[in-house]
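Q: turn this into a model:
(chains A, B, C and D)
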There are 2 protein chains.
Amino acid sequence: MPLPVRPPRGYRSEIDIKLSPDPAGPYAGAMPTIYEVASLAGVSPATVSRVINGLPVSGAYAERVRAAATKLNFTPNPTARRLRRRSSQVLALIIPTIENPFFTSLARGVEDVAQGAGYSLVLCDSDERHDKESTYLDVALAEHMAGVVLVPATNHPRLARLLERRTPVVSVDRSIRGTEVDSVLLDNREVARSATERLYARGFRRVGCITGPRETETAQQRADGWREVFSRHHPRTDPERYLRHADFRVAGGRDAMASLLTTRRRPDAVVVTNNSMTVGALETLQRERISPAEMGLACLGDLPYSVLQRAGVEVLPLPARSLGAAAARLLLDRIGGAEGPAQRIVLPIGGGPAIPDR
Amino acid sequence: MPLPVRPPRGYRSEIDIKLSPDPAGPYAGAMPTIYEVASLAGVSPATVSRVINGLPVSGAYAERVRAAATKLNFTPNPTARRLRRRSSQVLALIIPTIENPFFTSLARGVEDVAQGAGYSLVLCDSDERHDKESTYLDVALAEHMAGVVLVPATNHPRLARLLERRTPVVSVDRSIRGTEVDSVLLDNREVARSATERLYARGFRRVGCITGPRETETAQQRADGWREVFSRHHPRTDPERYLRHADFRVAGGRDAMASLLTTRRRPDAVVVTNNSMTVGALETLQRERISPAEMGLACLGDLPYSVLQRAGVEVLPLPARSLGAAAARLLLDRIGGAEGPAQRIVLPIGGGPAIPDR
DNA sequence: AGCTTCGCAGGAATCGATTTCTCGGTCAAG
DNA sequence: CTTGACCGAGAAATCGATTCCTGCGAAGCT
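A: Now for the predicted structure:
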């Protein structure tokens, strides 16, 4: 039985023909390689590789290889494999902040699916910054990641190089303009509409809105949904008087609410378009000793531990986990070779399955 | 000027001597390699490597290489580098759940430091499960990660193989028994003591305690701190009557509080040893319509957005971010080759710098 | 001037797996 | 019985960077 060309690592064969382990060497405790498995099984490394990857190998050989691999507790070195294959079993997930539970839920959704399909996940926090986002996209490229799930921090993430290399990218929660990329989104307009309706249904007379930055798509869509219902109730009032743009953070919500309170004929209820800003809005209300009856609040998105509910806030949970799961499934499809134009999946907001299970 | 031995990828040189780009080939859009840089600079790949890694190279050559690298926008392929060097610039952070803000803050702390030192971070969620934790540890091993920051899900994480390979591991928040591993911990006993004292200071007469699982070290230590103060106030009472073990989750806190309420001569205040259980405890109290004055609560750890504070809970914030940062610094020291016995860093709870800055 | 030393760049081996190519052997058809 | 197709395993190239080793040339020393 011929030995592999290269002596297995940790063995010396230059002068001694007899191969002997070198336990004092720098490789003590290292993982076995395919060469060691091949040598133990009395086959070539190529055959071991074939067995591992399920390529046709005659039964007897396959059995010997499997036995040897088990005995040595062999795991293929993912780095070597990645170098050769030019691809890996790793996905990147880039979120704007790990500290908002909405995104951690989304991350769970992605992870569940990735995990189930044998992929690892690298979680990256772009901190809502274009530069950090770009850096992580470069990392994904350099690391030959199999795909990227991206919650874009800006309207124009730097995807060009990634797409050139045909690395699948799926955007979640926010879409990307001008680039053909799959996306999984919420029906933001509908959620906002529904939140506004609920406040009117509860008897409030004039419902204002606090939304996110002007240039952010989700913020606009949610404001649009509110505006639609508002205008129906107050056809002769300019809705913009009752709309505030903030930054999707606690402090922004705080200030926006303070500003709304000073409005002439101020609103008696407010739709706040994300969870963090609602916390800020609540803070202002509590500071001003304004009760939930005097000023109704609706919040798009949830905060765990029912904080908001307890304060009398009308909460419209968003399916963050489903969003992540759907994005991951779409990404895996593309990685699996699915062709066709970029898809745009809009999740129903009422709960229910994200996309049909397979 | 001799050409490199291997023709650069994407070029053919078998029949034509003239090297010409092959834009239709499968490598369109691929990243440049060190061979291409070498060829453009008219030097050997070895020299390019030296320049990139800051090894001594004469000025003129170095300049040519740098120019070529810049022109081609060259980034060394981390996979190839990792294979050769048998190590990477990636850290793993394994936390029990991404959905507890305590751990996301901790993650931020780790990330800040890692990022600053040029390391990437892979965030893994063990879901408090031994098997998932083991899997991630195996991944860290196989991926040649530079080090691991671990919040152990169990008392005996399977670190053996990682340590054999001399991969540095730092445990955070919870320590590991019987294994020589650096750890960064909180003074759990002191935090609990302090929380208990505060409730007595506020005038409560009998302070009970809800802590985590019996076999969890942090749960024990925190219970010990409470027990110490309790026994000082009630020398002739068996503290165990006023102690409940739950599971560190919301439901556990809910049930434990319900159980405490039925105690003969029930407590008029309770120290709850983590944030999630406090939410559960609050739920029970609100369901029973028991006011904050009737039943005081203290919580070890924070929940963002001041939920707890608003409910009259005495909150003792824990320095999660510092914990993560300190762990990361310790890990980077070890990666940098720091020798010596395993360290055990206990952070002060009052805030202030985690460990002296350098 | 001759010899050693030293610095520095190139050649080639190397990391560990995958994959193409090659070739010996088997079987079927002529 | 010979020849061609085919199957399957081994040999070797390959992925892209690092690093050991060799050797050239310049500088220093006697």
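
Q: ranges for the helices of the stretch 251-358 of chain A?
A: Using DSSP state H, counting those that start in this stretch, the helices of the stretch 251-358 of chain A run over A:275-287, A:307-310, A:320-335.

Q: which stretches of the stretch 51-200 of chain A form strands?
A: Assignment of strands within the stretch 51-200 of chain A using DSSP state E, counting those that start in this stretch yields the ranges A:90-95, A:120-125, A:147-150, A:169-172, A:182-186.

Q: residue A:100 against residue A:275, yeah?
A: Yes: between residue A:100 and residue A:275 a contact is recorded at 7.0 Å, counting by CB atoms under 8 Å. All C-beta atoms are positioned from the backbone trio N, CA, C, and that covers glycine.

Q: out of the two, which sits in the busier spot?
A: A count of neighbours by other CB atoms under 10 Å in any protein chain shown puts residue A:275 above the other of residue A:100 and residue A:275, at 26 against 22.

Q: what sits closest to that one if chain neighbours are left out?
A: Distance criterion CB to CB, 6 or more residues apart in numbering or on different chains; nearest residue to residue A:275, sequence neighbours excluded, is residue A:301 at 4.2 Å.

Q: same question, residue A:117
A: Closest residue to residue A:117 apart from its sequence neighbours, by CB to CB, 6+ apart: residue A:332 at 5.5 Å.

Q: doesn't residue A:113 make contact with the one you found?
A: Yes: the criterion here is CB under 8 Å, and residue A:332 meets it with residue A:113 at 7.0 Å.

Q: correct me if wrong: the residue nearest to residue A:275 contacts residue A:102.
A: Yes: between residue A:301 and residue A:102 there is a contact at 5.4 Å, judged by CB under 8 Å.

Q: tell me, what's touching these two both at once?
A: Taking CB atoms under 8 Å, 6 or more residues apart in numbering or on different chains as the criterion, residue A:301 and residue A:102 both touch A:274-275, A:318, A:320.

Q: which single one of these is nearest to chain B?
A: For these, the minimum distance to chain B (CB to the nearest CB) is 8.5 Å, reached by residue A:275.

Q: so which bits of the stretch 1-150 of chain A are right by DNA strand C?
A: For the stretch 1-150 of chain A, the residues in contact with DNA strand C (CB under 7 Å from any atom of the strand) are A:6, A:9, A:30-31, A:33-35, A:45-46, A:48-50, A:52-53, A:74-77, A:80-81, A:83-85.

Q: repeat the analysis, applying 6 Å as the threshold.
A: A:6, A:9, A:30, A:33-34, A:45-46, A:49-50, A:52-53, A:76-77, A:80-81, A:83-85 (CB under 6 Å from any atom of the strand).

Q: tell me the buried residues within the residues you listed.
A: A:33-34, A:45, A:49-50, A:52, A:76-77, A:81, A:83 (16 or more other CB atoms under 10 Å in any protein chain shown).

Q: from those, which land in helices?
A: Those of those mapping onto helices are A:34, A:45, A:49-50, A:52, A:81, A:83, per DSSP state H.

Q: farthest pair in those?
A: Within those, A:50 and A:83 form the most distant pair, 18.7 Å apart (CB to CB).

Q: OK, contacts around the nearest residue to residue A:267 once chain neighbours are set aside?
A: Distances taken as CB to CB, 6+ apart place residue A:208 nearest to residue A:267, at 3.5 Å, with adjacent residues excluded. Going by CB under 8 Å, 6+ apart, residue A:208 touches A:242-244, A:260, A:263, A:266-267, A:269-271.

Q: mind putting these into JSON lines with distance to residue A:222, pLDDT and neighbour count?
A: Output for the contacts of residue A:208, formatted as JSON lines (distance: CB to CB, whole Å; pLDDT from 0 to 100; neighbours: other CB atoms under 10 Å in any protein chain shown):
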{"residue": "A:242", "distance to residue A:222": "14", "pLDDT": "97", "neighbour count": "23"}
{"residue": "A:243", "distance to residue A:222": "11", "pLDDT": "97", "neighbour count": "18"}
{"residue": "A:244", "distance to residue A:222": "12", "pLDDT": "97", "neighbour count": "24"}
{"residue": "A:260", "distance to residue A:222": "16", "pLDDT": "96", "neighbour count": "21"}
{"residue": "A:263", "distance to residue A:222": "20", "pLDDT": "92", "neighbour count": "13"}
{"residue": "A:266", "distance to residue A:222": "21", "pLDDT": "94", "neighbour count": "14"}
{"residue": "A:267", "distance to residue A:222": "16", "pLDDT": "96", "neighbour count": "21"}
{"residue": "A:269", "distance to residue A:222": "16", "pLDDT": "97", "neighbour count": "23"}
{"residue": "A:270", "distance to residue A:222": "13", "pLDDT": "97", "neighbour count": "31"}
{"residue": "A:271", "distance to residue A:222": "8", "pLDDT": "97", "neighbour count": "35"}
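
Q: closest one to DNA strand C out of the residues you listed, please.
A: Nearest to DNA strand C among the contacts of residue A:208 is residue A:271, at 53.1 Å by CB to the nearest atom of the strand.
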